[in-house]
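Participant: Coordinates for the following, if possible.
(3 chains)
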Amino acid sequence: MFRNSTVPAGMSRRHFMQHMAGASALAVPAINFTNSLLAASTEMKKKHKACIMLWMGGGPSTMDIWDLKPGTNTGGKFTPIDTTGDLQICEHMPMMAKQMKHMAVIRSMSTREADHNRGRYYMHTGYVPSTTVEHPSYGAVIAHELSSQVPDLEIPPFVSVGGGSVGPGFLGMTYAPFVVDSNGDVRNLKFDIEQARLQQRLLTLNAIESNFAGQGRGDEPKDHEKILKKTVSLMTSQQMAAFKTDKEPKEVLERYGVIGNAGRGMGMGNPGFARGCLMARRLVEQGVSFVEVDFGGWDNHANLFTTFENKLPQLDQPMSALIEDLDQRGMLQDTAIVWMGEFSRTPRINGTAGRDHWARAWSVVVGGGGLKGGQAVGATNEDGTEVKTEPYTSEDVMASVLKGLGVSLEKTFTSKNNRPMKIANSGRVIKELF
Amino acid sequence: MNDRVLDVFIDEALGGAQPPDLAERVTAALAKRRLDMESERTASSMPISSMPTSSGLSPRPVPMPVPIVPTSRQTAPAAHSAFSRRVGLAALALAAALLLMIGGNWFWNREATNPSVVAERTARPKTIAQKPGGENALAKQAARGSIEPIEQHSQELSGSSQPGNPVMPIEPAAAGAPWIAKSPPGNQRVGAGAAAAGSMGAAMNNTKPAAAAVAGSAESAQPPSGARLDSSELDATSAGNSVADAAFDGAIPSVLSSSASTDRQVVASINADLKNRWQESGVRSSPAATESEWCRRIYLDCIGRIPTVEELEAFLIDNRRDKRARLLDLLLDDDRFVESYARFWTTLWTNRLIGRKGGMEANSPIHREGLQQYLRRSFLTNKPYQRMVYELLSAQGGNRPGESDYNGAVNFLLAHLQEKATPATAKTAQIFLGLQVQCTQCHNHPFNDWKQNRFWELNAFFRQARDERTMSGNQLRSVRLVDRDFAGEGGDTDEAEVYFELRNGVLQVAYPTFIDGAQIDRDGRVSAVNRRRELALAVVRSEELKLAIVNWMWSHFFGYGFTRPVDDMGPHNPPSHPELLSHLAAEFAGHGYDLKRLIRWIALSDAYALSSKYGAKLGNAADDPTLGNVPLFSHFYLRQMSAEQLYDSLLVATGAHLSQVNYAQQQLTKDRWLEQFAIAFGTDENDEATTFDGTITQTLVMMNGELTRQATNGDSGGFLSQVSRRAERAAALNELYLAALARRPSRQEVQVANSLLTSHAGDATTALEDIWWALLNSNEFILNH
Amino acid sequence: MANDPASTGAAAPPGPEATKGEPPQVHLAGKLPPVANVRPDSNVNVDAENQGEALDVGRLVREHQAGLWRYLRVLGCPADEAEDLTQETFLAVLTRPFQDYNRQATAAYLRQVARHRFLSGRRRAVSFAELDEAEAAWLKWAAPDDGEELLAALRECLQTLTERARHALNLRFGLCQGNAQEASRAQVAGALGLSEDGAKNLLQRAKQQLRECIDRKLASERRGE
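Facilitator: Predicted coordinates:
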């Protein structure tokens, strides 16, 4: 893309960036571009740590997927099946059943936010919404902690496929999610002028930009300046190819369910989540620290079971493909996977064959990234209305994932109003996961 | 033992919130604060003007600022002072208690709606238009220039006032209100249409002298919007509303409060309230913004785009004392701007009512353009807010133009009727009443006293509503919103009830009951009770309606409302400026729910004219809501343009607005462009967010997007080509800076431009393209400052 | 912080009116410990000059923070806000001349400042009757030792409850490490399979038992048993 559109033949990106930097002698200091070397490709891509979150917007009924209660009033109509791990899951998740040796289902989640927006915020940050502090999301925290492992990364370290994530809070716009749609089309990436001219434009821009940023109008003008630099770096990056899932071989596309009907039920399904999962793997390979893939439509107040019969295969195939793929490439040890929604749904089945919002007892699935799979952690009582082992929270999940990724839990951030904030809100590590 | 004590200790004993260890933080913060104070002491030589002087009624401590001194023998012991202060504290506490009692009920107070009061008011209608004496007095006062709090800030061109000039009163003519009462109910439809047109005509006539006088260059100023008003649209008044309107007129008298203050008084009260608060809080206000900054703001916030160079210059060369009020008159009432005004507020309200994505996908039951058409018409005629809300809630009819009973207003509720109309319930409470109740659908509200039953009682009002769809083949042809007899979930039409489940599965019953506890007949037959109409009446009579709209409007102009979030009001979330909020709400109602008037008050306040510069040197570093502090409005809060504002500003910048002809087409192009930034959350509550929030995505749009490409093409025949045809380069450069940033280039910026020109071998057009690109991509451009 | 003069421009040196020796304000400020009449310039290097005499801020904070924080919670602050206000209170008090004569007096002083800060953040949203009641209860039950004794008694008394009652309380309070607000009564009801009224009764009974138990314990302790 880069070679085709903007850089004259024979000029490497590095050469180009040097040109840009050299121009700073002109009249004003130029924008400082990231000191980018041409990505030393394969070596560094392999060993860095990362996290992929599969975000189930709407609040999926986990007792119909991961923690079935057959034969009880609340149990629903699905049957549990055996897996390669020491636990059973729903019959409509056969491909995941083969991968469960890598994954752990935390069945004793107990949280308190049962409103979509509050739940989304809480599960993404480990904090409840506050009027005084904007907390950084998982993605921003992990990007903040891990992105230094990949100094040559030109893509933002936090990518959200399909949106729906929570922002960087007090960590600042540098760690904001870069939102792309699942097609991987990053709009407006190409600049259709010569690079020399772009460079001149940037110099002119810099003069205006820094003038305004220096006038004591708070942080926003300065943040804008930072984002400009990142954007320019992105525009000239070859790494953007990581967003292009269609470059993958046909077998891979089929395995994920992007094309064809290799799995069941995907023919009519929306391949967006499949693409997202595949893109997540490509991005992590490229060095991105945190990828969140959005899969919505779980707010099933009505007709839950008929919906699930179509929907679970759409979850099953891409999710299992992602785990298998990461494992085969030797990346699973360094890549944590987190599957969760903002909450789950009532054990009671309501009058319209749906379930309503419920946060007291539910499940989150984690694996990879040094976390011990093949197990169920904690348990709910027989009809799923209560957690009967030690209850875990969003903070605990976050703390455990961070530990798995080698991030120190002693880390403390300082919010804008000088309030120290322990990473993961002082969550406890879930010991069964190690 | 007191329950609260017990609760707190149980929480702690059971491992809930524990007392924090703050020793290190306090020590560190103390050291930092001392350093800050040192530097501030050296930076500022001003005496502390913000020290409290009288406010004996203030419940705040507002201790006297005291320099840090070493602890010494001269210092009285805390123990001693604690005792000797007892008397003072008692007095203070008493005063605070009084204040609390006086205002304690501010939120839930409700206007008495007993019939006799209503009847009395109807009998003696008093409208502003019928008070010429008042206006004359005001005009005289204005002519004398005795009261002019606004203009003391003008810096750049504060020329001498010219007493000889005819000075227009601030009061707008007619205020759009009187037509309600004048139309006989039986003839409502025709009457409303004609009266609306008449009222508009009156408004235009009245502002013309002012408009003509504003600027010599007014004629040369380009009309800001391309599409001309299609008068046929205005005539197409909704048929479905005719009965409802009569009901509205019967129930809501179009009476303006006789005790309503003049605009000047209201503005003065805003100024006084904010100023008191600055003093109490020990902050100073920032200096005034420049005139051109103010002008840029007001264009952005009133009509959704930056001013053209001609418009800016017209304002700057005007040297009359009331030029700001005049500019507002122009933007709000002049026929050259009323269209832009209506379009901007239509966009804002469309997004509020049905989201950025509502009606955008194929086969949607929502006809976005229909709603836009309804709103546009409402804003063109400055429909009283009360009436607009009434219509949105009670609308019946077909959702798209061409239907025999077309009524665009139905599209609001059509977007939210799914899931037993629970989204409609939540949106109505949130948008019109400022109450967030969505979570009470399933359980009691965690923070306020909203109980689950109240949600469903409100919900019961929507249950006669049906969306009836007409298909042609697989395609949805049209949808109409109608009311049908509701048999209740129990099947008894006489007592048509709604069921809801408690968390433990127990089923409970709810009947239509408004948030104040007022019940209506439980009969589910439309012929007996039209539930939506009853709801609409209750909503528009409620105190919450006024508070919520004032709060929202304030946040539109200031970046922050009196509560955060702006649509989550109630006893659990007290407003930052309660007196100001309730005062503005009362005045707003007293002036006939006139939105334009509310805009005038807010926009003419001193606070809106303050600079966005702030910090320790200016004495208001603490007034920073991004730190979580309560906004004090002691400086203008910088904020990013919305995607909508940016789009229209870029249109002006390209001149593209001149070429497009059809309003609907224009709107569609715009909606498509805006849609790329909207993200839906995949929930049943129609939540969504925008990525137009200062991220890389947005920056890419600005750098490489189609709009920028058009705008920076010097051969396009647009604005840039006109500028580059100018003979004088300095003038061209100036013009670009004025157009984008409402200021001239600095010396350094001229230098940069010169070197750019040199490197383009003197090709001015190319250089100007680059400069224009840089300007449009700058922080100073995208931030409303 | 917005309401904190000490953190804003108002912290600049006293203006002319103060140096002229006029009595400061009719305000609380006027009743503050008298201020040494020091010229602004002489404040430079305060800390360096007075290290020997300086107040041990860390000790003072540690001594009073728990009590102050609990007090604010009793007034009605959520945990986070209580934490913020506790910090602000110390800062406000410590940026003024201050001497720690004895524990009780200092605690009372801190409480007053905290209370004002709490009120100024709320303005009118507070029911004064409730506040007074809470305050009186604090003074009666917790003020002497910042609530430590009460907490200890409560811990013991919790053991005397039935498991079900304790479970209900656990649901309603505590469970979430302090950052989520309590579960609503409806949620407790749901979790215990009770009606909402049932849950309400259970919780109220449990609390009444606790109340009585604490009364007994504290009374006996105060009698020296």
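Participant: which stretches of the stretch 651-785 of chain B form strands?
Facilitator: Using DSSP state E, counting those that start in this stretch, the strands of the stretch 651-785 of chain B run over B:678-680, B:688-690, B:783-784.
Participant: per-residue confidence averaged over stretch A:135-149?
Facilitator: Summarised as a single mean, pLDDT over stretch A:135-149 is 92.
Participant: Mind listing what's buried along it?
Facilitator: Buried residues in stretch A:135-149, counted by 16 or more other Cβ atoms under 10 Å in any protein chain shown: A:135-147, A:149. Placement of C-beta: from N, CA and C, glycine included.
Participant: Including mean neighbour count and mean pLDDT, could the strands of the stretch 651-785 of chain B go into TSV?
Facilitator: Formatted as TSV, the strands of the stretch 651-785 of chain B follow (neighbours: other Cβ atoms under 10 Å in any protein chain shown; pLDDT from 0 to 100):
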stretch	mean neighbour count	mean pLDDT
strand B:678-680	20	74
strand B:688-690	18	75
strand B:783-784	20	94
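Participant: mind checking which of the ones you listed is nearest residue B:469?
Facilitator: Taking Cβ to Cβ, strand B:678-680 is the member of these nearest to residue B:469, at 22.3 Å.
Participant: That closest one - contacts with which helices or strands?
Facilitator: If you count contacts as 3 or more Cβ pairs under 8 Å, 6 or more residues apart in numbering or on different chains; DSSP states H and E, strand B:678-680 packs onto strand B:688-690.
Participant: got the contact list for the strand it packs on?
Facilitator: A:163-164, B:355-357, B:643, B:677-681 (Cβ atoms under 8 Å, 6 or more residues apart in numbering or on different chains).
Participant: So which of these sit within helices?
Facilitator: residue B:643 (DSSP state H).
Participant: ranking the contacts of strand B:688-690 by neighbours, who comes first?
Facilitator: residue A:164 (28 neighbours; other Cβ atoms under 10 Å in any protein chain shown).
Participant: In contact with it, which residues?
Facilitator: A:55, A:57, A:120, A:292, A:294, A:296, B:679, B:681-682, B:689.
Participant: ok, of these, which one's closest to residue B:311?
Facilitator: Of the contacts of residue A:164, the one sitting nearest to residue B:311 (Cβ to Cβ) turns out to be residue B:689, at 33.2 Å.
Participant: Just the mean pLDDT for the longest helix seen in chain A, thanks.
Facilitator: Among the segments of chain A that qualify as a helix by DSSP H, the longest is helix A:304-328. Regarding helix A:304-328, the rounded mean pLDDT is 94.
Participant: which of the residues in stretch B:712-720 are buried?
Facilitator: Applying 16+ other Cβ under 10 Å to stretch B:712-720 flags B:712-714, B:716, B:718-720 as buried.
Participant: Let me have the residues you listed in a markdown table, extended by distance to residue B:265.
Facilitator: A markdown table is the format used below for the buried residues of stretch B:712-720 (distance: Cβ to Cβ, whole Å):
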| residue | distance to residue B:265 |
| --- | --- |
| B:712 | 48 |
| B:713 | 51 |
| B:714 | 51 |
| B:716 | 49 |
| B:718 | 45 |
| B:719 | 42 |
| B:720 | 46 |
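Participant: possible to save these as a markdown table with pLDDT and distance to chain C?
Facilitator: Formatted as a markdown table, these follow (pLDDT from 0 to 100; distance: Cβ to the nearest Cβ, whole Å):
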| residue | pLDDT | distance to chain C |
| --- | --- | --- |
| B:712 | 87 | 42 |
| B:713 | 84 | 47 |
| B:714 | 81 | 48 |
| B:716 | 70 | 48 |
| B:718 | 74 | 45 |
| B:719 | 81 | 42 |
| B:720 | 84 | 44 |
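Participant: related to what we said a few turns ago, how about CSV for the contacts of residue A:164, with distance to residue C:172 added?
Facilitator: Formatted as CSV, the contacts of residue A:164 follow (distance: Cβ to Cβ, whole Å):
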residue, distance to residue C:172
A:55, 30
A:57, 29
A:120, 24
A:292, 34
A:294, 34
A:296, 32
B:679, 36
B:681, 30
B:682, 32
B:689, 33
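Participant: Most neighbours among those, please name it.
Facilitator: Going by other Cβ under 10 Å, residue A:55 tops the contacts of residue A:164 with 31 neighbours.
Participant: Shouldn't it be within a helix?
Facilitator: No: the assignment for residue A:55, made by DSSP: H, G, I helix; E, B strand; the rest coil, is strand rather than a helix.
Participant: So in terms of bridging, what pairs with it?
Facilitator: residue A:294, residue A:340 (DSSP bridges).
Participant: surely it meets residue A:291?
Facilitator: No: the pair residue A:55 / residue A:291 is not scored as a contact, 10.5 Å apart, by Cβ atoms under 8 Å.
Participant: on that earlier part again, which of the contacts of residue A:164 lies closest to chain C?
Facilitator: Distance to chain C, by Cβ to the nearest Cβ, is smallest for residue A:120 among these, at 14.4 Å.
Participant: can you tell me which residues contact the closest one?
Facilitator: So residue A:120 contacts A:57, A:164, A:166, A:342, B:681 (Cβ under 8 Å, 6+ apart).
Participant: One more: residue A:170?
Facilitator: By Cβ under 8 Å, 6+ apart, the neighbours of residue A:170 are A:133-136, A:413-416, A:421.
Participant: change it to 10 Å
Facilitator: Going by Cβ atoms under 10 Å, 6 or more residues apart in numbering or on different chains, residue A:170 touches A:133-136, A:140, A:413-417, A:419, A:421, B:626-628.
Participant: ok, and of those residues, which contact chain C?
Facilitator: A:133, A:417, A:419, B:627-628 (Cβ under 10 Å from any Cβ of the partner chain).
Participant: what comes up buried for the lengthiest helix in chain C?
Facilitator: The residue-count maximum for a helix in chain C (DSSP H) belongs to helix C:196-222. Neighbour-count burial for helix C:196-222, counted by 16+ other Cβ under 10 Å, picks out C:196, C:199, C:202-203, C:206-207, C:209-211, C:213-214, C:217-218.
Participant: which neighbours do residue A:55 and residue A:291 share?
Facilitator: With Cβ under 10 Å, 6+ apart, residue A:55 and residue A:291 have common neighbours A:139, A:160-161, A:276.
Participant: Give me the residue ranges of the stretch 301-434 of chain A where confidence is low.
Facilitator: Along the stretch 301-434 of chain A, no part satisfies pLDDT under 70.
Participant: So which bits of it are right by chain C?
Facilitator: Checking the stretch 301-434 of chain A against chain C by Cβ under 10 Å from any Cβ, the hits are A:346-348, A:358-361, A:383, A:385-387, A:391, A:393-396, A:417-419, A:425-428.
Participant: In the stretch 601-750 of chain B, what residue comes closest to chain C?
Facilitator: residue B:619 (2.6 Å).
Participant: List only buried entries from the residues of the stretch 301-434 of chain A next to chain C.
Facilitator: For these, buried by 16+ other Cβ under 10 Å: A:346-348, A:358-361, A:383, A:385-387, A:391, A:393-396, A:417, A:419, A:425-427.
Participant: Which of these fall in helices?
Facilitator: Per DSSP H, those map to helices at A:394-396.
Participant: Of those residues, which is the nearest to residue B:308?
Facilitator: residue A:394 (50.6 Å).
Participant: hang on, the closest one packs against residue A:166?
Facilitator: No: contact between residue A:394 and residue A:166 fails when scored by Cβ atoms under 10 Å: they sit 11.6 Å apart.
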